[in-house]
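Q: test case, fold it:
(chains A and B)
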Amino acid sequence: MTKQMSGARMVVQALKDQGVEVVFGYPGGAVLPIYDEIFQQNDIRHILVRHEQGAVHMAEGYARSTGKPGVVLVTSGPGATNAVTGLVDALMDSIPLVVLTGQVPTFMIGTDGFQEADTVGITRPCTKHNWLVKDTAKLSETIHQAFHVATTGRPGPVLIDIPKDVQFATADYTPREKTKVAHYQPRTKGDPEAILRLVEMMETAERPVLYTGGGVINAGPQASRLLRELTAATDFPITSTLMGLGAYPASGKNWLGMLGMHGLYEANLAMHGCDLMINIGARFDDRITGRVKDFSPHSRKAHIDIDPSSINKVIRVDVPILGDVGEVLADVLRVWKERGSKVNKAGLTKWWKQINEWRAVNCLDFKNSDKVIKPQHALQRLEALTKGMDRYITTEVGQHQMWAAQFLGFEDPNRWMTSGGLGTMGYGLPASIGVQVAHPDALVINVAGEASWLMNMQEMGTAMQFRAPVKQFILNNERLGMVRQWQELLHGERYSHSWSESLPDFVKLAEAFGCKGIKCSDPKDLDDAIMDMIRYDGPVIFDCLVEKHENCFPMIPSGKPHNEMLLGEADTQGVIGAKGAVLV
Amino acid sequence: MSALNIKRGSTSHSAYDLRDHNTTVIESHTLAVIVENEPGVLARVIGLFSGRGYNIDSLTVAEVDHTGHRSRITIVTSGTPAVIDQIEAQLGRIVSVYEVHDLTAEGPAVQRELALFKVAGKGDARIEALRLAEIFRANVVDSTLESFIFEMTGTPEKIDAFAELMRPLGLREIARTGVAALSRGA
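A: Modelled structure (predicted):
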């Protein structure tokens, strides 16, 4: 049975039918009819943000921590253009979002109307797909299709541009069940022949390594369970990209830690020295591979990915397996067990002996101090004091992000929200609010740098208004730490514009927002201050004054292979040649 | 064609992977892309090429199935085998794309392009132009006392060749449609 209703009501109805509980948004002229409908109902909660970029990052935090799509509602023109950074961020990290934008009425499109922008044109390369709906009769169907596209295959952000006259006009509502889901049905089942080839390789490999990524998290909790089962059953060492942390527990005995540019020594050397690399839901990003020519030169490589364009894009693999990570892992495990659960025991024993030698290097070691708080120490204490709690971590982008990935342990998927692909400064604060909205009773901490944090600090207003007790743990070095580190290593220590003068007093800033501010500069006070932050019932801005010139190690300089890693300050003299300096 | 009908290169359907994927040799490939005929679909396709730094040597597009809302985009592109594979995969994941065929890799295909040539001249040059047009099976579709417009359908190479011959005979303008292509056989 179909029902006549206005386009604006259709939007709200379609969101309800899709099970949406929260919308992050900001009103404006071109979405007023939809806001009027939101006002007249109580099923969908609306979180009023302070800037549209914040809305998109909140929706990302919500999506990443729940596995459900995040929903955003913003107005035309500047509302839509402000959302663009968040869209690209979600596209790069494969986060499912449905973004609804208002548009000037259809008869005004193309006239440079007030707050008109070519939103579908601007966001075409920033979304997985987008639609301009010019006919109310097609609106509800389009919204249902949008949810399908956002969440099927490799997830990603989609956008629907809705002109104001389409919101006012009435038409029949198409329910979710009656919507013709687009032809878009990516294949999820892996090719049995390829799976068999992988299993054969697993049975004989002397030096295997599992290299996992965000795809495992996107494939749902079942995929993480299967990954743990596979790792335990085969006793293969396992490493993960920044995006995949938590799929395998950090406390697991096969865990090598994160790999990549600031990854652990043992993880990167295992990647370099392996004879079988099994890539599960990762994409050979340049932060992972270093110099492509010398990437893992002696290994055969298998790659499980749902996106055909990820396979053979950067690194040519021997066994490509197109499919959903969860389904493929289930098949791999089944076939491997049917064939007798064989591994090369002698090879593995030798391989683990080698890995344990690398582990003994203790690459995360740093020189602690009792006078000044070292950022690594701050994170070690944060980890120790929050371990075992119902904890979610978001980050901004920079040194603090890498230290957080190195020093915090993630036991479960969906507990770690960070901007990996795009590297968006200003992501962490709004993302932490999105996470807190989804998990009101959990401890949500944004590990931040002061420079990143300032980029979207207006969202503290949102946290206050909606009582989201997010903890902003700012490692304040009064520098753009990662930029400073690169200038030290690559640009002759000429620190061009990489320090912040006139920083605000973060405690007073907290008071101005009406939340709690904590300042800590003495290592002796750190534990008590962190406990104060955790115990406070409300948002906290924690200004942790840390060592100003600490560099983040280990580091694979750009243009270098995995086995040319820098472990500490002593290694850094003249390491990056002119060729490497061109790379970011 | 050899009796085994082993295709030049290979496809995902083929058991043989005969290409050297590490080669840096640039190949020209003709791709047929079947898309949903909706606003912005061409922008999605060409935006992919410009955004990812791929080449477009020629492009044609038109609706081919009105009731099914399908258009066919024929793209001639060039790149190393790895790049061509990547183009195919990137095209394939656009939501409004139904099918992508690499006609060059999938086997023999017929390629045709239509071109119009305006040639101006008098006397011997004019007679010579007309004679050559006959040899190339070009039709005269417009004529004045001092000019012809020839219409020709053929492979891009044939059109190039005819254009070269017309140049000294008073070639003024060329309009080309770009390549339309279909794979041979049923």
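
Q: chain neighbours aside, what residue packs nearest to the residue in the stretch 51-200 of chain A positioned nearest to chain B?
A: When scored by CB to the nearest CB, the stretch 51-200 of chain A has A:H129 as its residue closest to chain B, at 4.1 Å. C-betas here are computed from N, CA, C, even on glycine. Once flanking residues are discounted, A:H129 sits nearest to B:V95: 4.1 Å by CB to CB, 6 or more residues apart in numbering or on different chains.

Q: and the one you found, how many neighbours?
A: Close neighbours of B:V95, defined as other CB atoms under 10 Å in any protein chain shown, add up to 22.

Q: who in chain A is up against chain B?
A: Contacts of chain A with chain B, taken as CB under 8 Å from any CB of the partner chain, map to A:120-121, A:124-125, A:128-129, A:132, A:149, A:153-154, A:182-184, A:307-309, A:311-313, A:316.

Q: which of those are buried?
A: A:120, A:124-125, A:128-129, A:132, A:149, A:153-154, A:182, A:184, A:307-309, A:311-313, A:316 (16 or more other CB atoms under 10 Å in any protein chain shown).

Q: ok, A:P561 touching A:R291?
A: Yes. A:P561 is within contact range of A:R291, at 4.8 Å (criterion: CB atoms under 8 Å).

Q: heading C-terminal from the longest strand along chain B, find the next helix or strand.
A: The residue-count maximum for a strand in chain B (DSSP state E) belongs to strand B:109-120. Using DSSP states H and E, the next helix or strand after strand B:109-120 towards the C-terminus is helix B:123-135.

Q: would you mark the buried spots in that next one?
A: Result for helix B:123-135 [16+ other CB under 10 Å]: buried residues B:R126, B:E128, B:A129, B:L130, B:L132, B:A133.

Q: same question, stretch A:309-328
A: Buried positions in stretch A:309-328, judged by neighbour count with 16+ other CB under 10 Å: A:309-317, A:319-328.

Q: inside helices: which ones of these?
A: Counting by DSSP state H, the part of these found in helices is A:V325, A:G326, A:E327, A:V328.

Q: could those residues be laid out in JSON lines, adding pLDDT?
A: Formatted as JSON lines, these follow (pLDDT from 0 to 100):
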{"residue": "A:V325", "pLDDT": "98"}
{"residue": "A:G326", "pLDDT": "98"}
{"residue": "A:E327", "pLDDT": "98"}
{"residue": "A:V328", "pLDDT": "98"}
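
Q: any idea how far A:G25 is from A:H148?
A: As judged by CB to CB, to the nearest Å, A:H148 and A:G25 stand 22 Å apart.

Q: what of B:G121?
A: 68 Å.

Q: okay, those two: which has more neighbours?
A: Ranked by neighbour count (other CB under 10 Å), B:G121 and A:G25 place A:G25 first, with 27 against 20.

Q: could you report the pLDDT at the residue nearest to A:S521 when sequence neighbours are not counted?
A: Nearest residue to A:S521, sequence neighbours excluded (CB to CB, 6+ apart): A:L545, at 4.0 Å. Here the pLDDT value assigned to A:L545 is 98.

Q: ok, A:P561 next?
A: A:P561 is assigned a pLDDT of 88 by the prediction.

Q: and B:T24, by the same measure?
A: Model confidence at B:T24, expressed as pLDDT, equals 83.

Q: how about the strands in chain B?
A: According to DSSP E, the strands that chain B contains are B:27-36, B:58-65, B:70-79, B:97-102, B:109-120, B:139-143, B:147-154, B:171-176, B:180-183.

Q: show me which residues of the shortest one are buried.
A: When neighbours are counted by 16+ other CB under 10 Å, the buried residues of strand B:180-183 are found to be B:A180, B:A181.

Q: the third one now?
A: If you call a residue buried by 16+ other CB under 10 Å, then strand B:70-79 has these buried ones: B:S71, B:R72, B:I73, B:T74, B:I75, B:V76, B:T77, B:G79.

Q: can you pull the pLDDT of the nearest residue to the second one once chain neighbours are set aside?
A: Beyond its immediate neighbours in the sequence, the residue positioned closest to B:R72 (CB to CB, 6+ apart) is B:V64, lying 4.5 Å away. The pLDDT attached to B:V64 in the predicted structure is 97.

Q: and what of the one 4 residues further on?
A: On pLDDT, B:G68 comes in at 94.

Q: spell out which residues of chain B are next to chain A.
A: B:21-22, B:39-40, B:43-44, B:47-48, B:51, B:82, B:85-86, B:89-90, B:92-96, B:98.

Q: and these, which are buried?
A: For those, buried by 16+ other CB under 10 Å: B:R44, B:L48, B:A82, B:D85, B:Q86, B:A89, B:Q90, B:G92, B:R93, B:I94, B:V95, B:S96.

Q: so B:E157 versus B:R112, what's the distance?
A: Here B:E157 is placed at a distance of 12 Å from B:R112 (CB to CB).

Q: can you check A:S251 too?
A: Plainly put, A:S251 is 65 Å away from B:R112 if you go by CB to CB.

Q: the two: which is more packed in?
A: B:R112 (15 against 10).
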